[in-house]
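Visitor: how would this look folded up:
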Amino acid sequence: MKVTLSSCGNPDFGQDYSKPMPGVPIKHIKVRDLSHASQVCRQYIHQYSFGSGNWNGGLIFNEKNSRRLGRVSYNGVVWHPDDTATVLYDPNHTPPSEPPLYHLLNFFGIRKETIKKNFNNSAVQDEEVGYLLKRPGQMYTLAEIKKLSGYLWTAHDECVVCNKDDYSPLQVKTAEAKINRGGSILVVVKSLCKMENEKLL
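Guide: You can find the predicted model right below:
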């Protein structure tokens, strides 16, 4: 995930809105989460002594697919990219110990419907996962996403991979792709969980 740092002229002071402030670089900074993005933006604003009319950066995006994840306003508040009434993170009201929320699809490419389908078809159903799936929306903490990730593939997929001769090449290829993709996502989630836990210590 990255956040864009950029500036513009303030027309109220006779500056050109279509151009960045002289000597101020445009940057795309890698960030850990929404709170980190907010912090980076505020540091940039403070460094160059911007007024609110000079700030036009703050776009948070997925560096792999350019999906917009949020936007940081001048005061450090992170807003939903498509709903300016929805706050995703507020540095003035979010307790430091409260873990940030991540969008299943936008951050990890996980479709909630896929998790639901695999969960409903599973012989072993984790009660907590069932509760999480009933919750509206797709915003979850990393710990919750780690739980949900256990249903990125099914026991049947594992059976197909372990008994390749009993299934068609297409079935085997599909099962292997699901397991490999799910495993890769789980590695990222576990890594982020570790970083988040270290930050809270």
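Visitor: where along this structure do the helices fall?
Guide: Ranges of helices in the chain, per DSSP state H, are 34-47, 104-108, 112-120, 127-134, 142-148, 155-162, 169-200.
Visitor: Identify the residue nearest residue 101 in space, chain neighbours excluded?
Guide: Nearest non-adjacent residue to residue 101, counting by CB to CB, 6 or more residues apart in numbering: residue 139, 4.2 Å away. Using the backbone N, CA and C atoms, a C-beta is placed for each residue, glycine as well.
Visitor: thinking again about what came up before, redo the helices of the chain as a markdown table? Include mean neighbour count, distance to residue 54 and mean pLDDT.
Guide: Compiled in a markdown table, the helices of the chain are given as follows (neighbours: other CB atoms under 10 Å; distance: least, CB to CB, whole Å; pLDDT from 0 to 100):
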| stretch | mean neighbour count | distance to residue 54 | mean pLDDT |
| --- | --- | --- | --- |
| helix 34-47 | 20 | 8 | 91 |
| helix 104-108 | 19 | 28 | 88 |
| helix 112-120 | 16 | 39 | 93 |
| helix 127-134 | 13 | 42 | 91 |
| helix 142-148 | 20 | 34 | 90 |
| helix 155-162 | 15 | 52 | 92 |
| helix 169-200 | 14 | 30 | 84 |
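Visitor: Verify the stated contact: the residue nearest to residue 101 with residue 102.
Guide: Yes. Under the criterion of CB atoms under 8 Å, residue 139 makes contact with residue 102 at 7.0 Å.
Visitor: And the residue nearest the centre of the protein?
Guide: Centroid-nearest residue in the chain, with CA atoms, centre = their mean: residue 107, separated by 3.2 Å.
Visitor: That one and residue 1, how far apart?
Guide: Counting by CB to CB, to the nearest Å, the gap from residue 107 to residue 1 is 7 Å.
Visitor: I'd guessed the residue nearest to the centre of the chain sits against residue 61; true?
Guide: No. Using CB under 8 Å as the test, residue 107 is too far from residue 61 to be in contact (10.9 Å).
Visitor: Quickly list what's touching both of those two.
Guide: Common neighbours of residue 107 and residue 61 are listed as 1, 69 (criterion: CB atoms under 8 Å, 6 or more residues apart in numbering).
Visitor: ok, and the closest non-adjacent residue to residue 45?
Guide: Excluding the flanking residues, the one nearest residue 45 by CB to CB, 6+ apart is residue 55, at 6.0 Å.
Visitor: Per the annotation, how does the chain divide into domains?
Guide: Split into domains by automatic domain parsing, the chain comes to 2-89, 102-200.
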